[in-house]
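**Student:** let's see this in three dimensions:
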Amino acid sequence: MSKTRIAFIGAGNMASSLIGGLLAKGFDAAQIRASDPGADTRTKVAAEHGIDVFAENEKAVQDADVIVIAVKPQAMKAVCQDLRPHLQPKQLVVSIAAGINASSLLEWLGTQPLVRCMPNTPALLGKGVSGLFATQQVTQTQRALADELLSAVGVVVWVEQEAQIDAVTAVSGSGPAYFFLLIEAMTNAGVKLGLSHDVAEKLAEHTALGAACMAVDSDADAAELRRRVTSPAGTTEAAIKSFQASGFEATVEKALSAAAHRSAELAEQLGQ
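**Tutor:** Predicted coordinates for the structure are as follows:
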């Protein structure tokens, strides 16, 4: 990607994280541009990353190979329609807006090569995971560009059917909040068991961090790792049995199904 020119439409937190990740990987700041209507945002991004910034979107996309649209979903239609006259047929558009499907984006943009992306908030720390879907117009070279772009802030997975983006949203897009809820619940339970809030919170947070690292680094799957730390008739087994007796797995499945259903609903509403 050393010669690839990238334009960011919208220079908020996610765009800034992507820009920072690209620069950290050795990308040339001269090849990156951004536009944003906010003067303070433009000043901040230019100072932090040393890139050219514009108030006008059309100036940012001139001669760009990849155009990353990173605006709020409610603004996507207007932004895309305004961009359409200024786009070239071979420019790859990457959308990181939640809840806007490819058919709506292409209706507003025209027949551009398009990659729809669902990142999550840990991308702000370079620890994200993003689900990507490419339309038929996207070449293998453009697919590789999109992969490298999102890899700058974490792990990338591809789905072959756009409907699976709703499942990605349910599992990873909304997923950090599920773990925050578990940490919150474990902290409160620890306090009720006699720990101070600070101690209980630190125990819960670092247990979550350590377990996630073990799951990522181990060749064993999560079920096997759970079995390895669950001694027969021990404390862990008592807790696991209590979770399962309360319908833990069914609750998780129901929650993720609700998130996926809502993702599909939002795509229909925001695409109108």
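**Student:** next, Thr141: phi, psi?
**Tutor:** phi -60, psi -40 (degrees, to the nearest 10).
**Student:** report how many residues lie close to it.
**Tutor:** 10 (other CB atoms under 10 Å). All C-beta spots, glycine's among them, are computed from the backbone N, C-alpha and C.
**Student:** start the count at 186 instead of 1 going forward.
**Tutor:** Got it, first residue is 186 now, which makes that one Thr326.
**Student:** which ones are touching it?
**Tutor:** Going by CB atoms under 8 Å, 6 or more residues apart in numbering, Thr326 touches no other residue.
**Student:** run a quick neighbour tally on Arg412.
**Tutor:** Counted with other CB under 10 Å, Arg412 comes out at 11.
**Student:** can you give me the domain boundaries for the protein?
**Tutor:** What automatic domain parsing lists as the domains of the chain is 191-353, 360-452.
**Student:** what mean pLDDT would you report for the first one?
**Tutor:** Confidence over domain 191-353 (mean pLDDT, whole number) is 93.
**Student:** helices along this structure, start to end?
**Tutor:** 198-209, 224-234, 242-246, 261-268, 287-294, 325-336, 349-353, 360-377, 382-402, 407-413, 420-430, 433-455 (DSSP state H).
**Student:** quick check: buried residues in the last one?
**Tutor:** Neighbour-count burial for helix 433-455 flags Leu441, Ala444, Ala445, Ser448, Leu451, Ala452, Leu455 (criterion: 16 or more other CB atoms under 10 Å).
**Student:** could the helices of the chain go into TSV alongside distance to Gly311?
**Tutor:** TSV is the format used below for the helices of the chain (distance: least, CB to CB, whole Å):
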stretch	distance to Gly311
helix 198-209	6
helix 224-234	15
helix 242-246	24
helix 261-268	25
helix 287-294	27
helix 325-336	10
helix 349-353	19
helix 360-377	14
helix 382-402	14
helix 407-413	23
helix 420-430	32
helix 433-455	24
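**Student:** which one, of the ones you listed, ends up nearest to Thr189?
**Tutor:** helix 325-336 (6.1 Å; CB to CB).
**Student:** please state the offset of the closest one from the chain centre?
**Tutor:** 15 Å (CA atoms, centre = their mean, to the nearest Å).
**Student:** and what of stretch 425-442?
**Tutor:** On CA atoms, centre = their mean, the centre of stretch 425-442 falls 25 Å from that of its chain.
**Student:** give me the residues contacting it.
**Tutor:** Looking at stretch 425-442 with CB under 8 Å, 6+ apart, the contacting residues turn out to be Ala352, Ala355, Val356, Tyr363, Arg411, Thr415.
**Student:** ok, stretch 315-322 next?
**Tutor:** Here stretch 315-322 makes contact (CB under 8 Å, 6+ apart) with 287, 291, 296-305, 308, 327-328, 331-332, 335, 338-347, 349-350, 353-354, 357-358.
**Student:** and what of stretch 218-235?
**Tutor:** Against stretch 218-235 from outside (CB under 8 Å, 6+ apart): 190-197, 200-201, 204-205, 208, 214, 217, 236-242, 244-245, 249.
**Student:** give me the buried positions along it.
**Tutor:** Buried residues in stretch 218-235, counted by 16+ other CB under 10 Å: Arg218, Ala219, Ser220, Asp221, Thr226, Arg227, Val230, His234.
**Student:** just to revisit the earlier point, just name the most buried of the domains of the chain.
**Tutor:** Using mean count of other CB atoms under 10 Å, the stretch among the domains of the chain with the largest mean neighbour count is domain 191-353, at a mean of 19.
**Student:** which neighbours does the longest strand seen in the chain have in its sheet, and in what orientation?
**Tutor:** As assigned by DSSP state E, the longest strand anywhere in the chain is strand 313-319. Neighbouring strands of strand 313-319 in its sheet, by DSSP bridges, are strand 299-303 (antiparallel), strand 339-343 (parallel).
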